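Asker: Give me coordinates for this.
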Amino acid sequence: MNRRDMLRLAAAGSLPGSLAASLAQPGASKTPALEAILRTGGCAVMLRHAQTVPGVGDPPNFQLRQCSTQRNLSDEGRAQAAAIGRWFSSRALKPSSVWSSPWCRCKDTAAAFGAFNVLTALGSTFDGKSDATAQTAALRERLVSIAPLQFEVWVTHQVNVTALTGKVPAMGEALVLRANASGGGPVVLARTSFS
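Answerer: I've put the predicted structure just below:
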């Protein structure tokens, strides 16, 4: 399949079953197809933050405005975030906007793209104090609003990705999503670690 055919099918919202299946498999070779999907737009790259120091969740009494109280990126994670940013820039793929969870590990990952904004709906719901249902609904609404020929990057947490898609990504892994024309959860167009 050539690039023009890929763009036409992606714009129509339909990719061949075998290609769609291969794009959804972690570790599959998919760079040309993934690039075509992103250039077609109307989608979001929902990226789980890069690798962190060991742990689950955050220490007790953490504060969002104080990074030293949170679980943060490891040295490997900082390198991983930089590599993700280079993957996009080396292909001249510029998101229309980059959004991050308020948590420092997400903001530090998002910084690899340059400018970014914080979106509360991407904040972790791990502690159970947030309204996961409302946040997931807000992300579905946002996904519908992304225009053709544009894509956004959303840097968030595993629990948020799982709530929206039912998938469990590794740190630094992303799912490329498009709104489902028939309603309900989004269509997963691709899954990648940008390596």
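Asker: What ranges does the protein have for its strands?
Answerer: Along the chain, the segments classed as strands by DSSP state E run 43-48, 97-100, 117-118, 151-156, 174-178, 187-192.
Asker: Take those strands and lay them out in a markdown table including mean pLDDT.
Answerer: Conversion of the strands of the chain to a markdown table gives the following (pLDDT from 0 to 100):
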| stretch | mean pLDDT |
| --- | --- |
| strand 43-48 | 98 |
| strand 97-100 | 98 |
| strand 117-118 | 98 |
| strand 151-156 | 98 |
| strand 174-178 | 97 |
| strand 187-192 | 95 |
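Asker: out of those, which comes closest to residue 127?
Answerer: When the strands of the chain are compared for distance to residue 127 using C-beta to C-beta, the nearest one is strand 151-156, at 14.5 Å. C-beta coordinates here come from the backbone N, C-alpha and C atoms, glycine included.
Asker: Which strands border the closest one, and is each parallel or antiparallel?
Answerer: Paired strands of strand 151-156, with direction, are strand 43-48 (parallel), strand 97-100 (parallel) (DSSP bridges).
Asker: and the ones you listed as CSV, adding mean neighbour count and distance to residue 71?
Answerer: Supplementary listing: these in CSV, determined by neighbours: other C-beta atoms under 10 Å; distance: least, C-beta to C-beta, whole Å:
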stretch, mean neighbour count, distance to residue 71
strand 43-48, 26, 13
strand 97-100, 22, 16
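Asker: so can I have CSV of the ones you listed showing distance to residue 136?
Answerer: CSV is the format used below for those (distance: least, C-beta to C-beta, whole Å):
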stretch, distance to residue 136
strand 43-48, 11
strand 97-100, 15
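Asker: Please identify which of those is closest to residue 191.
Answerer: strand 43-48 (10.0 Å).
Asker: Contacts only, for residue 154.
Answerer: Applying C-beta atoms under 8 Å, 6 or more residues apart in numbering, one finds that residue 154 lies in contact with 44-47, 99-100, 119, 122, 139.
Asker: mind redoing it with 7 Å?
Answerer: 44-47, 99, 122 (C-beta atoms under 7 Å, 6 or more residues apart in numbering).
Asker: cool, residue 127 as well?
Answerer: By C-beta under 7 Å, 6+ apart, the residues touching residue 127 are residue 57.
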